[in-house]
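**Q** Below is the structure, and that's it, no one-letter string:
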């Protein structure tokens, strides 16, 4: 099985981190192609940047999707997820939704713990889009700044453990998601330090993508695809897809 | 007062239609600058196309926003609305939200009537984002195809009247919104043929933009603006805005 | 355009305050007729008083409505709003709903800040009636008593600023409504002291009433009007309206 | 135990019908005082008339409440219910809420069946106020007109049975409420003709009022009573109550 | 009237406590048969134990139900309630739902106060099942341990009063339910010490069971009964009921 | 990996059908132990039978759980699911929740299609428990009777395809779940005949159980386990578990 992992950020170091966690989490026989957004920001921290990133995700899928069995949008917040489902013929999974649906089978209420407060509103939208708001205990975030986004996981590991503890104790969370691409892989390292299960977002994303491929033999777009249109100014592969002119 | 009307489609003829309705609806002293998306599709019919259009809206705002008092995103569905509110210092109104909040002061339940079934899911998301789902009677759409999107308003006027009647009678709508940029201006023409108020989407958008300017002296972005970031591959004006480097 | 501003309280001083803010907020050409409830209480602080005030609003509208293009019920809590919409042929706007729908286009979540805790339950009902509960950050109220309701705005200005700050910081409000007729005009004075937009309730009410008049040429009651009935003991104008016997 | 049954309509014949059903439903030892609104309409069919009726309910309670152990507002739609709870020291029950809470212990979803379509919106508000919207199967109404409101129960009995059957079969109702004061007593007569339990609204109201008296020894108003106020133009008993000046 | 009070716990002392409160609360002429679960745990503190207890409730009803007019499941949390309604021909009331529907007619928001934190999740499910979540102020629990479940009411009376006060003051509760079979009878003793009405759970359960019997002449199961089935390993009375083979 | 598949029915033929689908869906290296309920009914068709089955599930888990890495409750409706999560140390997945969370990543709205109308209420509860009600398009059921529950899948295949088509066309479902243990394996056979993805419930259950095992190294019960209790009349393994006395 071939899964396309899309990093909607331009940080190659984050792509590498995501790819590493994805490969160690994948089932035997699953191959991961990891690609980095050709334009955008180093990390996404809100709806404006997610709007741009989601558009880039569609371009990336148009160009690199063919030849893969499924795709994983590897930014918590799932930029472009439903747009992608309307346009392409393969299962597309969002890292946030995968983590949330997985968490919902581990406990009654899950919390989302992340490293920057700006992410709160965007993640809230994302929970609402999944329909799982009633299962959410809380979204909690560190409020202190951080040095480099590449190092934030290591720099803040201890503070994040405290935040996990707090959300278990004060918000009644049964399970916690460590959220945000820069925290990829951290759940595994901290699992023994937190009294409830920690869901690793990348591992959840890969596992759910594998599940969809195993369960659903695709023979066309999942959602109702818009009628063919000519467009202007879009990259060739995406324009062809929109025009129903791709092979 | 200067309002920037953004058509997120590439159809200049639709921009002209929107601008004409906007100008006749505007208060004395309000000037309308109408611009057309530099790239994209002729009309937006779903979430994939809205994802792309919303990103273009941000580019348009970064380049053309300065010098205006407010902006109106003139596509029903409001692509890029909350993203724009995070990034820019002026009030930004969506044509759909303006029509819905206005309708909510005219009756207890409003219906949205449009010309193409593909729009339903996208509009549903948009109603949910406004928080007004409990005020929605129904979203109804013509199911027959149409010739040209430029002419759909005139071609389908009669069929749309029937659909308005049906949603009043069967769904209990107290007020109806004729939705979709290609239908701009039609509400005024059909008002006498429908037994409940018809909300003209463009007029509602302009009136609400004027209201926000009158009420709120802006001195910065409305929502919490993300921290400054360098970016890659974005148009200069947008990159400058994201870097907090615009004048 | 002629707008009837109804003060459902018996305090003439509050009517004057409301009228002054309304006139300075109105568009050129809009005339405001401001009237005071002929019976009731000096200010409304709960559902019991609002029940009585709402009935008086209907009497006031029956007698003074004719000759106006729209009416504004100028008490936060909107006593008699939906009742009025069932009975009369002109657009009727509530000061609370106008402020809330306006706030909803300025930020994702709004807070309501007021001067007396007794108002909380009533305002909560009002938010629920608007369908905007999911957009509400919090309702916050001063808990200290106050001298005279005429002077409460000036007396408590500083304490209200602190409350606005608290709801921004602790409840995540993007925008704040200063609520309650005795606070009319205060939002303008405090705007520079609060880090998010303050919505002036009277200005919002007038602007939304103007918008409805501009958008909707009325030719009958907005909502389904009840069948004609004889009544007993009601003021003549209201009885005539209920009997479908008004001119 | 003494229960005050308030008919918020001016129809003495309906008061008599209500009183008769109430007396036959009451527990041994319960006495019913039935009073008719001194002003208003012959029957209430919407929010405008309910706004007026609710205000009259407060006057009636101020004058006739003393000496009773509980009060029943005997109009489906419960005009003035929460207002009364804020103002008076005895338990007050609404006929609609009593029927709905009772129905909720008989089946998972209840329907409300009534005789005039104008009542739908008002009843919907009333279900929402109770918090039981998720338990509602449907509100169904006859659409044919009727002769006299005094005779509508007898005139339409057969048609109402058909409507009950339809809501059981098509809406999945487990239990049905025959709603509207003019239908008082009808549930008992039709019980054998409908395949699910029919809740008699007056009997439910009396039983729930009795329950509250048995359970809760009152020593003051149930809800937070507003501060004392002078008023103007209100009946003496009500003014005294509002001024905290009643004995 | 004969009411079967089912204690789904195995503690005979709790059954006696429940029976005593029930008898003193019952109307003249109501007889209470109180029975204790033949197997299970001394008190139920969560969903696992409630799952087991609910199954035992069905066995108890199959064996002891005949000859009674109604049944009361006398554990807060209502184990087996909807299951029982599907299977048996008499009204079955849950102690929690009875208390909640009663509380909803006494105030706008009720709190549930109990003695052990483990109960919170289960009670939350129970509130949700009633549809009354929007009426709930809070669920509050003592966190200190306790000696014997038989004595917990007396041991913790003072601490529970403090918790009631706190939920009134901090959560805005208008009415409080003292919840959990071991607290039966405590509401009456503490009524004068708490500033809002306390609902006695057993009294509410008996009163609501009596109401249903008075209102609804039963002639079959309330809910759609499943088709007849042979079963294996179930007690004879229950197996007969499931097989539609009971007399 | 060892997964315990629990059939909460007593039909060995259904256990065999479930086991066969599970084995063909499992990843290489996953072993399935399939067991049949020792008592109960041939198939579960409502809440009463689910209440009994859920209790038996706990007994089965106490006796057979040890030595397995996860358990799958293989009845649509998930009897005993949350109870099991409170009591046992391994991940437990319900077939319904697994199918629904999987479906939620394939389309915006899913429908549940089944073979007997009695199942509707129970399945509705199950959707609500998952928090996914807003993602549900409809629950649809055949209304004709059927011969044997063993053969219902084959007997009704064609009618079920028609029902799937109807829910896609009329309810707007993007994906359909064929629900009910007797339909296990049917989704695979009918996939080519339905225009949207069909989710195979057993395959989804196994895949999600595998995912949880891969993601979460268990070191104790997932949810807060109740305090130790002595019990009476329960099977030895379950009593030991409740007493915290199992090895």
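**A** Arrived safely. Being a predicted model, the structure only gives us computed values, none of them experimental.
**Q** okay, CA-based contacts and neighbour counts for the rest of this
**A** OK.
**Q** Next, the contact list for the one residue in chain A that gets nearest to chain C, please.
**A** In chain A, no residue comes nearer to chain C than residue A:121, which is 8.9 Å away by Cα to the nearest Cα. Residue A:121 makes contact with residue A:46 under the criterion Cα atoms under 8 Å, 6 or more residues apart in numbering or on different chains.
**Q** Check residue A:35 too.
**A** A:4, A:5, A:6, A:7, A:15.
**Q** closest to residue B:45 among those residues?
**A** residue A:6 (25.0 Å; Cα to Cα).
**Q** So which of the contacts of residue A:35 belong to helices?
**A** residue A:15 (DSSP state H).
**Q** Now, the contacts of residue A:35 that are in strands?
**A** In strands, defined here by DSSP state E, the members of the contacts of residue A:35 are A:4, A:5, A:6, A:7.
**Q** hang on, the earlier thing: how about the residue of chain A closest to chain C, phi and psi?
**A** phi -60, psi -40 (degrees, to the nearest 10).
**Q** Equivalent analysis for the one 10 residues further on, please.
**A** Residue A:131 adopts backbone torsions of phi 80, psi 0, taken as degrees, to the nearest 10.
**Q** Now render the contacts of residue A:35 as a markdown table, adding distance to residue C:236.
**A** Formatted as a markdown table, the contacts of residue A:35 follow (distance: Cα to Cα, whole Å):
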| residue | distance to residue C:236 |
| --- | --- |
| A:4 | 75 |
| A:5 | 74 |
| A:6 | 72 |
| A:7 | 72 |
| A:15 | 76 |
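**Q** How about residues contacting stretch A:73-85?
**A** Here stretch A:73-85 makes contact (Cα under 8 Å, 6+ apart) with A:5-9, A:18, A:50-51, A:53-55, A:57-58, A:61, A:91-97, A:122-123, A:126, A:179-181, A:201-202, A:205, A:221-223, B:46-51, F:107.
**Q** how about the ones in strands among the contacts of residue A:35 in JSON lines, adding pLDDT and neighbour count?
**A** Listed next are those as JSON lines, based on pLDDT from 0 to 100; neighbours: other Cα atoms under 10 Å in any protein chain shown:
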{"residue": "A:4", "pLDDT": "98", "neighbour count": "26"}
{"residue": "A:5", "pLDDT": "98", "neighbour count": "28"}
{"residue": "A:6", "pLDDT": "98", "neighbour count": "26"}
{"residue": "A:7", "pLDDT": "98", "neighbour count": "27"}
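**Q** Tell me which residue is most central in chain A.
**A** Centroid-nearest residue in chain A: residue A:95, 2.5 Å away (criterion: Cα atoms, centre = their mean).
**Q** Now that residue: closest residue in space that isn't a chain neighbour?
**A** Spatial nearest neighbour of residue A:95, chain neighbours left out: residue A:205 (4.9 Å); criterion: Cα to Cα, 6 or more residues apart in numbering or on different chains.
**Q** now check stretch A:157-169, is it near chain F?
**A** No: if you take Cα under 8 Å from any Cα of the partner chain as the test, stretch A:157-169 misses chain F, and the best it gets is 11.2 Å.
**Q** And the average pLDDT for that stretch is what?
**A** Averaging pLDDT along stretch A:157-169 yields 96.
**Q** Now do the buried residues in it.
**A** Within stretch A:157-169, the residues scored as buried using 16 or more other Cα atoms under 10 Å in any protein chain shown are A:157, A:160, A:161, A:163, A:164, A:165, A:167, A:168.
**Q** Please list all residues in contact with the second one.
**A** The contact partners of residue A:160, taken as Cα under 8 Å, 6+ apart, are A:113, A:114, A:115, A:142.
**Q** now the ones in strands among the contacts of residue A:35 in TSV, with distance to residue D:76?
**A** Compiled in TSV, the ones in strands among the contacts of residue A:35 are given as follows (distance: Cα to Cα, whole Å):
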residue	distance to residue D:76
A:4	60
A:5	59
A:6	58
A:7	59
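**Q** Helices of chain A, start to end?
**A** A:12-25, A:47-64, A:81-87, A:95-103, A:119-130, A:152-171, A:186-190, A:201-215, A:236-242.
**Q** any idea how far chain D is from the residue in chain A positioned nearest to chain E?
**A** Taking Cα to the nearest Cα, chain E has its nearest neighbour within chain A at residue A:108, 8.9 Å off. Note on residue A:108: its distance to chain D, by Cα to the nearest Cα, to the nearest Å, is 21 Å.
**Q** In chain A, what helix or strand scores lowest on average pLDDT?
**A** Every helix and strand of chain A was ranked by mean pLDDT, DSSP states H and E. The lowest is helix A:119-130, at a mean of 90.
**Q** buried set for it?
**A** Residues of helix A:119-130 classed as buried under the neighbour-count rule (16+ other Cα under 10 Å) are A:119, A:120, A:121, A:122, A:123, A:124, A:126, A:127, A:128, A:129, A:130.
**Q** now stretch A:48-67
**A** A:48-62, A:64-65.
**Q** list the contacts for the residue lying farthest from the centre of chain A?
**A** Distance from the centre of chain A peaks at residue A:230, with 30.3 Å (Cα atoms, centre = their mean). Shown in contact with residue A:230 (Cα under 8 Å, 6+ apart): A:239, A:242, A:243, B:41, B:42.
**Q** Might you report the residue contacts of the third one?
**A** Residues counted as contacts of residue A:243 (Cα under 8 Å, 6+ apart) are A:228, A:229, A:230, A:231.
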